[in-house]
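> Here is my input, please return the structure:
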Amino acid sequence: MADTESGALTLAKHEGLGSVTVCNCGVVSLHIGGVTVRLEMAAFAGLESMVHKAMNELSLQAITARSTQLTPINTFTH
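Sure, this is the predicted structure:
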(Lines give C-alpha, C1' and ligand atoms only; values in the text may rest on other atoms or scores of the structure.)
Protein backbone atom coordinates (compact mmCIF):
# COMPACT_ATOMS: atom_id res chain seq x y z
CA MET A 1 0.00 0.00 0.00
CA ALA A 2 1.56 3.29 -1.07
CA ASP A 3 1.35 6.45 1.00
CA THR A 4 0.41 9.03 -1.62
CA GLU A 5 1.84 11.92 0.38
CA SER A 6 5.32 10.51 0.98
CA GLY A 7 5.52 8.00 -1.86
CA ALA A 8 6.48 5.28 0.65
CA LEU A 9 5.29 1.72 0.18
CA THR A 10 4.13 -0.09 3.32
CA LEU A 11 5.77 -3.52 3.36
CA ALA A 12 4.38 -4.76 6.68
CA LYS A 13 2.22 -3.51 9.53
CA HIS A 14 1.41 -4.95 12.95
CA GLU A 15 -1.38 -3.27 14.90
CA GLY A 16 -0.13 -1.90 18.19
CA LEU A 17 3.53 -2.33 17.25
CA GLY A 18 4.46 -0.49 14.09
CA SER A 19 5.25 -0.83 10.41
CA VAL A 20 7.97 -1.15 7.81
CA THR A 21 7.98 1.09 4.74
CA VAL A 22 10.30 1.62 1.82
CA CYS A 23 10.62 4.86 -0.12
CA ASN A 24 11.33 5.15 -3.83
CA CYS A 25 15.03 5.83 -3.04
CA GLY A 26 15.32 2.36 -1.46
CA VAL A 27 15.61 3.38 2.20
CA VAL A 28 13.68 1.08 4.53
CA SER A 29 12.02 2.71 7.54
CA LEU A 30 11.17 0.70 10.63
CA HIS A 31 8.47 2.51 12.64
CA ILE A 32 7.95 1.33 16.23
CA GLY A 33 5.83 3.57 18.41
CA GLY A 34 7.27 7.07 18.19
CA VAL A 35 10.64 5.86 16.89
CA THR A 36 11.66 5.50 13.25
CA VAL A 37 14.89 3.84 12.19
CA ARG A 38 15.92 4.39 8.58
CA LEU A 39 18.17 1.74 7.05
CA GLU A 40 19.81 1.03 3.74
CA MET A 41 18.51 -2.21 2.20
CA ALA A 42 21.66 -4.19 3.17
CA ALA A 43 21.45 -2.99 6.78
CA PHE A 44 17.76 -3.95 6.92
CA ALA A 45 18.64 -7.43 5.64
CA GLY A 46 21.29 -7.66 8.36
CA LEU A 47 18.74 -6.59 10.97
CA GLU A 48 16.36 -9.31 9.78
CA SER A 49 19.12 -11.90 10.10
CA MET A 50 20.06 -10.68 13.58
CA VAL A 51 16.43 -10.73 14.82
CA HIS A 52 15.91 -14.20 13.33
CA LYS A 53 19.01 -15.50 15.17
CA ALA A 54 17.81 -13.88 18.41
CA MET A 55 14.38 -15.56 18.08
CA ASN A 56 16.08 -18.92 17.51
CA GLU A 57 18.23 -18.38 20.61
CA LEU A 58 15.16 -17.48 22.70
CA SER A 59 13.43 -20.64 21.47
CA LEU A 60 16.46 -22.75 22.43
CA GLN A 61 16.56 -21.14 25.87
CA ALA A 62 12.85 -21.86 26.35
CA ILE A 63 13.35 -25.51 25.33
CA THR A 64 16.32 -25.83 27.69
CA ALA A 65 14.38 -24.21 30.52
CA ARG A 66 11.47 -26.61 30.01
CA SER A 67 13.73 -29.65 29.88
CA THR A 68 15.49 -28.65 33.11
CA GLN A 69 12.22 -27.46 34.69
CA LEU A 70 13.49 -23.93 35.20
CA THR A 71 11.24 -20.91 34.88
CA PRO A 72 11.31 -19.78 31.23
CA ILE A 73 12.47 -16.27 30.46
CA ASN A 74 9.50 -13.92 30.14
CA THR A 75 10.29 -11.88 27.03
CA PHE A 76 7.31 -9.60 27.56
CA THR A 77 8.73 -7.90 30.65
CA HIS A 78 11.82 -6.42 29.00
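
> Now do the helices in the chain.
Taking DSSP state H, the helices of the chain run over residues 41-67.

> Okay, domains of it per the record?
1-39, 42-78 (automatic domain parsing).

> in the last one, what counts as buried?
Buried residues in domain 42-78, counting neighbours by 16 or more other Cβ atoms under 10 Å, are found at residue 44. To be clear about C-beta, it is placed using only N, CA and C from the backbone, and glycine gets the same treatment.

> Distance from it to the middle of the chain?
Using Cα atoms, centre = their mean, to the nearest Å, the mean C-alpha position of domain 42-78 is found 13 Å from that of the whole chain.

> Could you tell me the least trusted of the domains of the chain?
Set side by side, those differ in mean pLDDT, and domain 42-78 is lowest with a mean of 83.

> and residue 38, how far is that from residue 31?
Using Cβ to Cβ, to the nearest Å, residue 38 is found at 10 Å from residue 31.
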